[in-house]
Structure formats: structure tokens, C-alpha cells
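In: Kindly generate the corresponding structure for this input.
(one chain, ligands or ions: 1)
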Amino acid sequence: MTSLLAVEDLGATGIREVLRLADSFVEVSERAIPRVPALRGRTVATVFFEDSTRTRLSFETAAKRLSADTMTFSVSTSSVNKGESLRDTVETVAAMGIDAMIVRHRSAGVPWQVSRWIDASIINAGDGWHEHPTQALLDCYTVRQALGRDDPFPGLRVAIVGDIKHSRVARSNVAAFSALGARVTLVAPPTLMPPSLEGWPVEVSHDLDAVLADTDVVYLLRIQAERMNEALFPSLREYSARYGMTRERAGRLCSSALIMHPGPMNRGVEIAAEVSSLPNSLITRQVTNGVAVRMAVLFRLLGAPEASEALVAHA
Ligand code: NCD
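Out: Residues are numbered from 1 along each chain as shown. The predicted structure is shown next:
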């Protein structure tokens, strides 16, 4: 595998490999000097045409902890503002000599286009409403870690709640959790569901209260107001009343249920502030694990086979 564009590129076997590899990198991340020489001499560029806090920082931290050199392209200070085309921009970055490019763009399919233009490995860090594969990998990793079992997924009941329609996180998570054998239910008002769910390996519900008691993992999505150009629900208050994870609803989950959110959160809309800090909320762990999981992905794409011995050696 040379690029990671969608969860499908990995399949169940590839996902499991990344999760196991991430275990070593979690161990590395906990060291006093969290750095290994695995990608010394390699250059990783982050090329983000859309805003990001955690994903970009997470990839850059991951690359640095593997001793790769990093290059950051920021659209707000680039020649894109002078009218440079997408193709010229990525070819210019590639011409500096890079091994991997991590791409985020508001249009679906851009990482595939980029992979046809340049030779470097491409990692999709979010393309429009389409896919965000490393988010799904870090989510699967976080569930596996929280449940303390190597393969907790077969039969695991995962409810993904909220703005499914605009969510690349939902698409990638449906693909990853279901590939591993989990049973995924999408919970949202009809207006926030994709127009067609044909071929999606999911069940659908419009009633969060009806699924709460039978759920092992509740995955809340951000209401993506910036991607809506019409009113899809009456008001945020009404949305939270029916689909928000309030303290009261959290109390109706089974005691072992886990609460997740990819961030950034709209506190008080899809999740109450106090719920995000409950002991069974994994939201901070998702962010922490993101680094180790992205180290695993970068290592898998760029590491020389003999480097696996150096994997856990100190830098
Ligand atoms: C998500 C994204 O940008 O796709 N955030 C993230 O990467 N953690 C989800 C979102 O924006 O709601």
C-alpha cells in the first residue's frame, strides 16, 4: 500500500495491523523522549486547504516523533490566494522533495486527484463529506483500548448520532467499524441522513431515546453548520432536545457504554459540557491516541521493512 485514501484501502486485515502497530507507538509516546528514528531522512508535508486544529497537529507530531522532517502548507498564507491552481500548488510542494503528503480539502475526491499528479504517498486527512480514514482508525483504536481486548468489535453495538449527511467521519467510521464486525446504527433526523443509504451496512433510527439502552458506543457528531446551505432542523435547541447527549440521557446508557466525539465539539448542542468529562467519555483519549495511530499509518506507508527493528529503538 502506498497511500491511504479511504478505509477500504486497508480492509479488515489492514485496519487490525494498524491497530496493533499503534500499540507500539502508544508505548513510544509515553516515554520521557517520545521519539524513534524510524523515518529519519523522510519528509512529510501537510497540505490543508481547510481549517484544522487537531488533525494537522496530530499528523505533524506523529511525523516528528518518527524523526521525519515536516513541511507545512497553509492556504491562508499561500499563492492559492494569488489564484494558483490546486495542481500547481501540490506539484510545487512535491518538487521540494517529499515522501508523503497529507491532504485536506473541502471537495470530495481531491486526495485521489493529487495521487495521480505526484509520486509521494498520499494520506487523506478529510475530503469534503467523503472520508477521513485516520479519524476512523483512531476511533477504533480508542474503543479497543478502552475495552481492553484485542478484538472487541464482533457484535459491538455502535450508534453514530447527528449530522451524518455532512460527515466524512461518519462515512469512514461506518466503513471501519463494520469491517471489524461491529453493528452500526445511524441515529439522526431524516433531514440529516444522506439522501440514499443503499449499500451502507447500517441500521437506521430517528429516535435516540429508543437506542440508548442497547448501545455499547455512542458516537456523537458535530452539527456542521458551515456545510449546510439550508435549514435542516428547526433550531439548535430543538436539535439538542431530541438528539443531544444530555446528562439525563447519559444516565440511561448501560454502565459500560462509551461516549465519543471527533471534536471540535459544540458543547450544549450535540453534547452537554458535563457529559464530555464523564469517566466513560473517551474524547480526550481519542485526541491522544490520534498521534500514535497516525505514527502507525506513516510508518506503514513510509517505513522500510528492516526499520521495524528500529521501531521501538530510541532516537
Ligand atoms: C472532523 C473533520 O474535520 O472532519 N474533525 C476532526 O478531524 N477531528 C469532524 C468535524 O469537523 O466535525
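In: do the host helix or strand of Val114 and the ligand meet at all?
Out: Using DSSP states H and E, Val114 sits in helix 110-117. No: remark: helix 110-117 sits outside contact range of the ligand, by Cβ under 6 Å from any ligand atom, the gap being at least 13.2 Å. Where you see a C-beta, it was placed from the backbone N, CA and C, and this is true even at glycine.
In: how far away is the closest residue in space to Val26 that isn't next to it in sequence from the ligand?
Out: Nearest non-adjacent residue to Val26, counting by Cβ to Cβ, 6 or more residues apart in numbering: Ala292, 4.4 Å away. Ala292 is 16 Å from the ligand, where distance means Cβ to the nearest ligand atom, to the nearest Å.
In: before we move on, the earlier item: which elements pack onto the helix holding Val114?
Out: Secondary-structure packing of helix 110-117 (3 or more Cβ pairs under 8 Å, 6 or more residues apart in numbering; DSSP states H and E): helix 86-95, strand 100-105, strand 121-127.
In: now it: mean pLDDT?
Out: Summarised as a single mean, pLDDT over helix 110-117 is 97.
In: State the pLDDT value of Ala315.
Out: Ala315 carries a pLDDT value of 54.
In: ok now do Leu86, which residues does it touch?
Out: By Cβ atoms under 8 Å, 6 or more residues apart in numbering, the contact set of Leu86 is Phe49, His105, Val110, Gln113, Val114.
In: count of residues packed around the fourth one?
Out: Pointing back at Gln113 there. As a burial measure, Gln113 scores 16 neighbours (other Cβ atoms under 10 Å).
In: Setting aside sequence neighbours, what's the nearest residue to it?
Out: Of all residues not flanking Gln113 in the chain, Leu86 sits nearest, at 7.5 Å (Cβ to Cβ, 6+ apart).
In: hmm, back to that, I'd like the helices and strands packed on helix 110-117 as JSON lines, with mean pLDDT and distance to the ligand appended.
Out: Shown next, in JSON lines, are the helices and strands packed on helix 110-117 (pLDDT from 0 to 100; distance: least, Cβ to the nearest ligand atom, whole Å):
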{"stretch": "helix 86-95", "mean pLDDT": "96", "distance to the ligand": "19"}
{"stretch": "strand 100-105", "mean pLDDT": "97", "distance to the ligand": "8"}
{"stretch": "strand 121-127", "mean pLDDT": "98", "distance to the ligand": "4"}
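In: Which among these is found nearest to Arg267?
Out: Distance to Arg267, taken as Cβ to Cβ, is lowest for strand 121-127 among those, at 21.9 Å.
In: Quick one: list the elements packing against the following helix or strand past that closest one.
Out: Sequence-wise, the next helix or strand downstream of strand 121-127 (DSSP H and E) is helix 133-147. Using 3+ Cβ pairs under 8 Å, 6+ apart as the contact criterion, the elements in contact with helix 133-147 are helix 11-29, helix 54-65, strand 121-127, helix 168-179, strand 258-260, helix 283-302.
In: The first one - what's its average pLDDT?
Out: When you say that, I think you mean helix 11-29. The model assigns helix 11-29 a mean pLDDT of 97.
In: And the fourth one, by the same measure?
Out: Model confidence over helix 168-179, given as mean pLDDT, is 98.
In: That one vs the ligand: in contact?
Out: Yes: against the ligand, helix 168-179 shows contacts by Cβ under 6 Å from any ligand atom at Arg168, Val169.
In: So which elements touch that helix?
Out: Counting by 3+ Cβ pairs under 8 Å, 6+ apart, helix 168-179 packs on helix 11-29, helix 133-147, strand 157-161, strand 183-187.
In: Let's see that with 6 Å instead.
Out: helix 133-147, strand 183-187 (3 or more Cβ pairs under 6 Å, 6 or more residues apart in numbering; DSSP states H and E).
In: and the angle for that helix with strand 100-105?
Out: Here helix 168-179 points in a direction 120 degrees away from that of strand 100-105 (axes from the mean of the first three to the mean of the last three Cα atoms, to 10 degrees).
In: what does helix 168-179 contact?
Out: The contact list for helix 168-179, computed with Cβ atoms under 6 Å, 6 or more residues apart in numbering, reads 7, 12, 15, 126, 129-133, 135-136, 139-140, 158, 160, 164, 184, 201-202, 262.
In: neighbours of Val287, just the number please.
Out: Val287: 18 surrounding residues under other Cβ under 10 Å.
In: Please tell me how far the nearest residue to His105 once chain neighbours are set aside sits from Val7.
Out: Leaving aside its sequence neighbours, His105 sits nearest to Phe49 (Cβ to Cβ, 6+ apart; 4.5 Å). Distance of Phe49 to Val7, given as Cβ to Cβ, to the nearest Å: 21 Å.
In: likewise Met193?
Out: Met193 is 20 Å from Val7, by Cβ to Cβ.
In: Between these two, point out the one with more neighbours.
Out: Taking neighbours as other Cβ under 10 Å, Met193 and Val7 compare with Val7 leading, 28 against 18.
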